[in-house]
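J.: sequence first, then the predicted structure, then my questions.
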Amino acid sequence: MLEKDNTGLIVVDVQGELARLVHDSEALISNCMKLIKGAQVLGLPVIVLEQNSQKLGSTVEEIVALIDDLKPIEKWAFNGCESANLVEVVKAHNLDTWLVCGIEAHICVYQTAIGLAGLGYNVELVSDCVSSRTLENKHLGITRIKESGVAVTGLEMSLYELVGDCRASEFKSILDLIR
């Protein structure tokens, strides 16, 4: 079970034109925004990655508006864990579990999730907060992640698991996000 005191969120490469070209891009961006807002309500750290932003562009405006004080971590390797900056930031948070969302499911999300698991973290892929240019590649990414032993969750499932109790002070805010 996810615990808010032990969990963070990594947003992988929701940037540039690619974010608008992936399968069901509007739903992806909307769901990622809900997940980020939920993480903020729950006090979870949020880390944003950008793949070669000079070529692919910056994180989409909708997400930047939510995290305007947070500087994305630039990366060039598809596996974000190949970036010493990401590994340093992840270790500094001293958490056991990381939720992962973003694009593309079968490339950077897959490799980063596997990389985090390889570093000993519990990783949960938020399946309705990932996409790829084709639905087939999204499904392939999710399948390979599951086969590699990484857990798969959903937006609602993860947020309600983190809240844990309808009496929690964050419950109403999370409920408003989900509705």
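T.: Everything's here; your move. Numbers count the residues shown, from 1 in each chain.
J.: state the mean pLDDT of the helix or strand where Ala27 lies.
T.: Take DSSP states H and E as the rule and Ala27 turns out to sit in helix 25-41. The average pLDDT within helix 25-41 is 97.
J.: strand partners (parallel or antiparallel) of the next helix or strand after it?
T.: With elements assigned by DSSP H and E, the helix or strand that comes after helix 25-41 is strand 46-51. Here strand 46-51 is paired, per DSSP bridges, with strand 7-12 (parallel), strand 73-75 (parallel).
J.: now strand 46-51 against helix 25-41, angle please.
T.: 140 degrees (axes from the mean of the first three to the mean of the last three Cα atoms, to 10 degrees).
J.: about what we covered before: out of the strands paired with strand 46-51, which is closest to Ala27?
T.: Among the strands paired with strand 46-51, the nearest to Ala27 by Cβ to Cβ is strand 7-12 (15.5 Å). No exception for glycine: its C-beta is placed from N, CA and C like everyone else's.
J.: can you show me the CA trace of the closest one as CSV?
T.: Extracted in CSV, the C-alpha atoms of strand 7-12 (Å, rounded to 0.1, in the frame of the first residue of the first chain):
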residue,chain,number,x,y,z
THR,A,7,6.1,8.3,-1.6
GLY,A,8,7.1,10.8,-4.3
LEU,A,9,6.1,11.5,-7.9
ILE,A,10,8.3,11.6,-11.0
VAL,A,11,6.8,13.2,-14.1
VAL,A,12,8.7,12.0,-17.2
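J.: next SSE downstream of that strand?
T.: Next along from strand 7-12, by DSSP H and E: helix 18-21.
J.: number of residues surrounding Leu155?
T.: Applying other Cβ atoms under 10 Å, we find 21 other residues in the vicinity of Leu155.
J.: that one: what's it in contact with?
T.: With contact taken as Cβ atoms under 8 Å, 6 or more residues apart in numbering, Leu155 is in contact with 31, 34-35, 38, 126, 128-129, 178.
J.: most surrounded residue in the residues you listed?
T.: Cys129 leads those on contacts (other Cβ under 10 Å) with 31 neighbours.
J.: sec struct for that residue, please.
T.: Look at Cys129: counting by DSSP: H, G, I helix; E, B strand; the rest coil, its state is strand.
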